[in-house]
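Trainee: Any chance you can model this:
(one chain, ligands or ions: 1)
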Amino acid sequence: MARLHNFSAGPALLPLSVVEEVRDNLVDFEGSGLGAMEYSHRSKRFDAVVASAQERLHRLLGLADDQEVLFVHGGAKSQFYFIPMNLLNGGQATYLDTGVWAKLAEVEANRYGTANVPFSSAQWNYNRVPEAGEWGALPDGTAYLHYTSNNTVAGTQYQYTPESGDVPLICDMSSDILSRKIDGSAYDLIYAGAQKNLGPSGLCVVVVRKGLLERCSPDLPPMLSYKVYSQKGSMYNTPNTWAIYVMERVLAWIEEQGLDAVEARNIAQATRLYDAIDATDFWQGRAELGSRSHMNPTFSTGTPELDTEFWQWAEQGGLVGLKGHRSLGGLRASMYNAQTDVAVDALISAMQEFERTRG
Ligand SMILES: Cc1ncc(COP(=O)(O)O)c(C=O)c1O
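Mentor: Residues are numbered from 1 along each chain as shown. So this is what the prediction gives:
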């Protein structure tokens, strides 16, 4: 079976070697006679998978001993309310509004307290992230600073870690986690839906500083309480064992490659695509230069009809997922860790061919 070149924003393509490995283990997990999806979450074998996934995340994210990795249900969107439910308690927090997902997080915060928004790029159609400190001083009593490191829809990305002083720093890293080396110990809470760089959808990785758990509201339903996830080792109820297993294999793949090598490949691929966009007046990049995402380059011909013609034509040639998000239109090529150089070459050739025939 020929695999298509997949530029989808998520669920996204996974490393082929991992897909093949988990396919085999779906039937018989490492010769044990049971399939990987059929193991009890209370079994020794699954315990080892969870421990390995947590250790790998600790190493890859450069976490400190006082940080804990939780596996939480409901994807990244659930974290938009988990966070204020657990940590806001009627107080105020600061949200940087850089796109659709950042905005939704802010909306949820206002249910449980007040979201202050000192920076928004909505007026520029979300084509940039703030420069360091552009949001000004955080008011006294700010419970946390929330930002979205990579804006999947708009195709913008922070190339630095915001400074929040004593105020806890919270980041939605759904679409660029482990695409580059970071100092994970600088964050008080990181969350990431798994379906881009980590594995199957539905699972959310949450890294929380243990001290922050003490602030968690005590009156929450257990399934919505970080404290309960922590106390019960993310197994208060039955976790998504399959998703955790697949993620553990993806993390092993990243460690085998080396995060430096993964980051270098991501930058090289994005640079090649942006160079192709910038090489001609036919294509226009959507994001401001300093805010361009290495994960989700967004671009356009400048004409909605021609954009549609391009992604439909590209699809016939085996390049799928290039249609921009419905809220902003245009085109988007998502290039997560598993994206191949062959696919990026094919995309650039298709763009050149399209320009030659339609330009
Ligand atoms: C940055 C970001 N945050 C949150 C979400 C929502 O994730 P989920 O569908 O897992 O709830 C997405 C989805 O694409 C995203 O890109």
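
Trainee: Can you list the residue ranges for helices in the protein?
Mentor: For the chain, helices defined by DSSP state H occupy the ranges 16-27, 44-61, 75-87, 100-112, 210-213, 226-231, 241-257, 259-278, 304-316, 341-358.

Trainee: What's the separation between Ser291 and Pro297?
Mentor: Shown here: Ser291 relative to Pro297, a distance of 12 Å by CB to CB, to the nearest Å. For every residue, glycine as well, the C-beta is placed using N, CA and C.

Trainee: sorry, back to before: among the helices of the chain, which is the most enclosed?
Mentor: Among the helices of the chain, judged by mean count of other CB atoms under 10 Å, the one packed with the most neighbours on average is helix 75-87 (a mean of 23).

Trainee: per-domain residue ranges of the protein.
Mentor: As assigned by automatic domain parsing, the chain contains the domains 17-256, 258-358.

Trainee: returning to what we had before: who wins for proximity to the ligand among the helices of the chain?
Mentor: Proximity to the ligand, assessed across those by CB to the nearest ligand atom, is greatest for helix 75-87 (2.6 Å).

Trainee: What is the closest one packed up against?
Mentor: strand 67-72, helix 100-112, strand 142-148, strand 169-172, strand 189-193, strand 204-209, helix 226-231 (3 or more CB pairs under 8 Å, 6 or more residues apart in numbering; DSSP states H and E).

Trainee: okay, those in a markdown table with distance to the ligand and mean pLDDT next?
Mentor: Converted to a markdown table, those look like this (distance: least, CB to the nearest ligand atom, whole Å; pLDDT from 0 to 100):
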| stretch | distance to the ligand | mean pLDDT |
| --- | --- | --- |
| strand 67-72 | 11 | 98 |
| helix 100-112 | 4 | 98 |
| strand 142-148 | 5 | 98 |
| strand 169-172 | 5 | 98 |
| strand 189-193 | 3 | 98 |
| strand 204-209 | 7 | 98 |
| helix 226-231 | 17 | 97 |
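
Trainee: can you put the ones you listed in a markdown table and add distance to Thr241?
Mentor: Putting those into a markdown table (distance: least, CB to CB, whole Å) gives the following:
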| stretch | distance to Thr241 |
| --- | --- |
| strand 67-72 | 10 |
| helix 100-112 | 27 |
| strand 142-148 | 29 |
| strand 169-172 | 25 |
| strand 189-193 | 18 |
| strand 204-209 | 15 |
| helix 226-231 | 15 |
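
Trainee: wait, which of the ones you listed is closest to Ala51?
Mentor: In this view, the helices and strands packed on helix 75-87 are compared for proximity to Ala51 by CB to CB, and strand 67-72 is the closest at 10.2 Å.

Trainee: Other residues contacting the closest one?
Mentor: With contacts defined as CB atoms under 8 Å, 6 or more residues apart in numbering, strand 67-72 is touched by 50, 53-54, 57-58, 63, 78-79, 82, 184-185, 191, 203-210, 213, 226, 229-230, 234, 239-240, 244.

Trainee: re the thing from before, quick one: closest of the helices of the chain to Asp176.
Mentor: Where those are weighed against each other on CB to CB, the nearest is helix 259-278, at 8.8 Å.

Trainee: Nice, that's everything, thank you.
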